[in-house]
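> only the shape, not the letters, is given here:
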RNA sequence: GCCCCAAUAGCUCAGCGGUAGAGCAACCGCUUCGUAAGCGGUAGGUCGUUGGUUCAAAUCCGACUUGGGGCACCA
């Protein structure tokens, strides 16, 4: 007897093992037709899988949460079958589902181009129409290797060879075609909704390893229905509209050009935004007991040799030499490097004079401008650049102070993110990696202290085993933005290697020299990148305190010019960023233009307002206008534009 | 760095072997107008750079540069 509990709580009894399909058929023919797979005690299985014991079973249809993943994985297989039919000699390798679709990596000498997509998609639809049965087989390893080798599928054969011994090797066959795969899959290709679309082709390394062959990856998106597909494509268009590069240009925030690859030309409005962010961080950090410093941009190469960066990050460092002949005579072959990070500089400041335990913790903050030669393929708008500024700080403290410092930092970070409109923060805890510096005793202490700090600050984290830096454990902070994307920004790292390397010490209560611990921490990460994230988060519609132009005073006719200028000047005197629009244009035109420019507030002044010393206030995105006295308006706007108080 | 794609007016794009085009923006007039585009006119380009093919190249081919999408990288 096998008793099967269905999601509604009802129980069905069978005389012996029963397949998913038989179960669905027993419940109803409609369900049997719609069934794609089953979930047995939470584990997804083929519809043909036999349920041998009492279990809780769900029938997965396109409505089920697990359906999309199945559909996408099947889509990858159908893509691979179509490609191998159309392009003989192409090797299959690996093709999983992704968050919005699937991809499949192929090995083939000739490139695939987007022009091939229509042809491949058409063949995929044909395969769906063929309604090929998808069946699962268990093969002995030798047979699989022989089979794949005979087909010229060397990647697959290599993979089979490396499967852990004892692991079952399953083959999924659909029609003439087959692939080694863990499954599960739909019962036949005909069950696959035709709501898929090939999106792009890209290079990808075999096994994700740069030193191995480069494969061609074809990406697609797949959904349970045409409507869902359409919605997804629409969302992609919407995401494109908030692209920081596009908004940066439209709002005249910044530009980039060929002669300064990886750097940013900040325009007046963009720099206003930048300073609003920087000044906010400056105030927060000051209030949290940090002292701000500034360390050199250019340091002797020997300094970086001593710190270990010269060797470890050789490819990523900019080396600089003076051009003048006399300098060469004087300095010889002396070379300098632009700093790629701030920590070694901060240690130098710590090293000046004798530090007492009474001085600790010392918190050095710096808006540190760093240069790194990022690989060309990594550059991306202002998100990934070669010249950037970190909201960096290093806390020198005793081991006993780690917990308290971690706690204070986490609290500072969380409240800062909140001020910028990010409520959803994911935290990762990276503990000791296999290759590491420092004794196990110190790691025990550092990990425990960091954990206690995070917990005391009320931070929930997921453990990423072995993900810590070689010099200490770390916390990573990921923000989720308005359209659900994640950005890693903040970090907190415990370091007991650098103080050692630079021989940093403090005098303890006992009169002896002790080694301080160094906490590396950043909240925004890179200012440039964070501003890019802010632009995309708000789609350019910044909260008032960040908006580059907060208000525009617009006239109805030129009679209002003098009053408009006065209003603007009063707004400015009250600390608001205000402009006038006195152009000979209709108010409709002005409203439209400043709305598109995402100015949060418009103060319209006509004859009536001028006479009564009033303004008509209109908010971005709103229809209503509010007419109020100028003084009242200024008071209110000043209050609204205040930077977040914590 | 690697693979694919792209580069035409300030922006968005058309033109795809035979004399460089549109809309918006800009500039100049007219219009003084009450909450998302008034009207008319003018100007604007070494078609990313550089080689080649051709009687003829924005258009076809190669190289380079930059950008985009991925992969790899991200102290």
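Okay, I see it. Fair warning: this is a prediction, and the values are worked out from it, not measured in the lab.
> tell me the buried residues in the worst-scoring helix or strand of chain A on mean pLDDT?
None of the helices or strands of chain A scores lower by mean pLDDT, DSSP states H and E than helix A:325-331, at a mean of 71. Across helix A:325-331, burial judged by 16 or more other C-beta atoms under 10 Å covers no residue at all. Backbone N, C-alpha and C define where each C-beta goes, glycine included.
> likewise for stretch A:215-232?
A:215-224, A:228-229, A:232.
> what's the answer for stretch A:514-532, then?
For stretch A:514-532, a neighbour-count test (16+ other C-beta under 10 Å) marks A:514, A:516-532 as buried.
> keep these, but drop any that are not near RNA strand B.
Near RNA strand B, taking C-beta under 7 Å from any atom of the strand as the test, the members of these found are residue A:520.
> taking the buried residues of stretch A:215-232 one by one, which sit in strands?
With strands taken from DSSP state E, the overlap with these comprises A:215-222.
> next, format those as TSV and append distance to RNA strand B and pLDDT.
Rendered in TSV, the data for these read as follows (distance: C-beta to the nearest atom of the strand, whole Å; pLDDT from 0 to 100):
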residue	distance to RNA strand B	pLDDT
A:215	8	95
A:216	5	96
A:217	5	96
A:218	10	96
A:219	7	96
A:220	12	96
A:221	12	96
A:222	17	96
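> specify which member of those is nearest to residue A:27.
Residue A:27 has its nearest neighbour among those in residue A:222, at 27.2 Å by C-beta to C-beta.
> residue A:386: what's it in contact with?
Listed by C-beta atoms under 8 Å, 6 or more residues apart in numbering, the contact partners of residue A:386 are A:261-263, A:371-374, A:379.
> those, buried ones only, as a PyMOL selection?
Buried residues among the contacts of residue A:386 (16+ other C-beta under 10 Å), as a PyMOL selection:
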select buried, chain A and resi 262+371+372+373+374
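> now secondary structure too, for the contacts of residue A:386, in a markdown table please.
Putting the contacts of residue A:386 into a markdown table (DSSP: H, G, I helix; E, B strand; the rest coil) gives the following:
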| residue | secondary structure |
| --- | --- |
| A:261 | coil |
| A:262 | coil |
| A:263 | coil |
| A:371 | strand |
| A:372 | coil |
| A:373 | coil |
| A:374 | coil |
| A:379 | coil |
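> tell me the one among the contacts of residue A:386 nearest to RNA strand B.
Nearest to RNA strand B, judged by C-beta to the nearest atom of the strand, of these is residue A:372 at 3.4 Å.
> do you know how far that closest one is from residue A:387?
From residue A:372 across to residue A:387, the span is 8 Å (C-beta to C-beta, to the nearest Å).
> same question, residue A:125
For residue A:125, the distance to residue A:387 equals 49 Å [C-beta to C-beta].
> between these two, who's got more neighbours?
Using other C-beta atoms under 10 Å as the criterion, residue A:125 and residue A:387 rank with residue A:387 on top: 18 against 15.
> which SS state does the residue in chain A that RNA strand B sits nearest to fall under?
Proximity of chain A to RNA strand B (C-beta to the nearest atom of the strand) peaks at residue A:377, 1.7 Å away. Using three-state DSSP, the structure places residue A:377 in helix.
> cool, and residue A:611?
At residue A:611 the chain is in helix, as set by three-state DSSP.
> how about low-confidence regions in chain A?
A:329, A:331-333 (pLDDT under 70).
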